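# sharing a model that was predicted from the sequence below.
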Amino acid sequence: MVSAQVGPPGVVPGSTAKSRIVGAATALFAKHGVGGTSLQMIADTIGVTKAAVYHQFKTKDEIVIAVAEAELARVEAVLNAAQAQPDPALAREMLLSRIVDLAIERRHMESVLTSDPVLNRFFAGNEPFQRLMNRLYRMLLGEDSPEARLSGAMLTAAIGGAVMHPMTEGFDDAALRSQLLRLARRFLELPD
């Protein structure tokens, strides 16, 4: 696969047609996984022919990359907004809050982002993803070390896992947000 270039949040390079395809693919990936989603399913969802999808994206891998880029752009936007804060403590709190918000907002997509083998392979070998996550972990934990990366990975995996866990299904977004922030602050040894 080609490496992704992280761009502005929520923007799919190219046309409205590409954005529609990426939106449909994202929803279908959330429901069926990447492997369980066909180009025909994507075409049917937006009411076009498979040839029209191929006109915008030459392969399904290109669609997977576009979906991944859109997700990376959302995280990058959150990180950039937090890093713009002049006070490091306020910046970290803002970042933590927005990471929780993103996870809750994309509850339907979280299992695909954390466990789909196609996306995992993409993210594992993707330099922009690695750099972005290292920035995020440095900001949350104040350092860049193997231990900090492991702690950051544990925290983000716990947040992502919690929003999609069957035991949290009864939580409304506000209650889930409150509990996740409380537990994340405890994990990071921050004051409540």
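Thanks, I have the structure now. Quantities reported herein were computed from a predicted structural model and do not represent experimental measurements. Residues are numbered from 1 along each chain as shown.

# need the longest helix for this structure.
Taking DSSP state H as the criterion, the chain has its longest helix at helix 60-83.

# could you point out which element follows it?
helix 88-105 (DSSP states H and E).

# tell me which other helices or strands the longest helix of the chain touches.
Where contact means 3 or more CB pairs under 8 Å, 6 or more residues apart in numbering; DSSP states H and E, helix 60-83 is packed against helix 16-32, helix 39-46, helix 88-105, helix 117-124, helix 127-141. Backbone N, C-alpha and C define where each C-beta goes, glycine included.

# buried sites along the last one?
Residues Pro128, Phe129, Leu132, Met133, Arg135, Leu136, Tyr137, Met139, Leu140, Leu141 are the ones in helix 127-141 that count as buried (16 or more other CB atoms under 10 Å).

# in these, find the pair that's most separated.
For the buried residues of helix 127-141, the maximum inter-member distance is 20.4 Å, found between Pro128 and Leu141 (CB to CB).

# let me know the angle separating the least confident helix or strand in the chain by mean pLDDT from helix 60-83.
Across the helices and strands of the chain, the lowest-confidence element by mean pLDDT, DSSP states H and E is helix 107-115, at a mean of 75. Taking axes from the mean of the first three to the mean of the last three CA atoms, to 10 degrees, one finds that helix 107-115 is oriented at 110 degrees with respect to helix 60-83.

# chain center to helix 107-115: distance?
The chain centroid and the centroid of helix 107-115 are separated by 8 Å under CA atoms, centre = their mean, to the nearest Å.

# what's that helix in contact with?
Helix 107-115 has contacts (CB atoms under 8 Å, 6 or more residues apart in numbering) with 26-27, 29-31, 33-34, 71, 103, 106, 119, 157, 160-161, 163-164.

# repeat for stretch 86-95
With CB under 8 Å, 6+ apart as the test, stretch 86-95 has contacts from Val78, Leu79, Ala81, Ala82, Gln83, Ala84, Gln85, Leu136, Met139, Leu140, Leu190.
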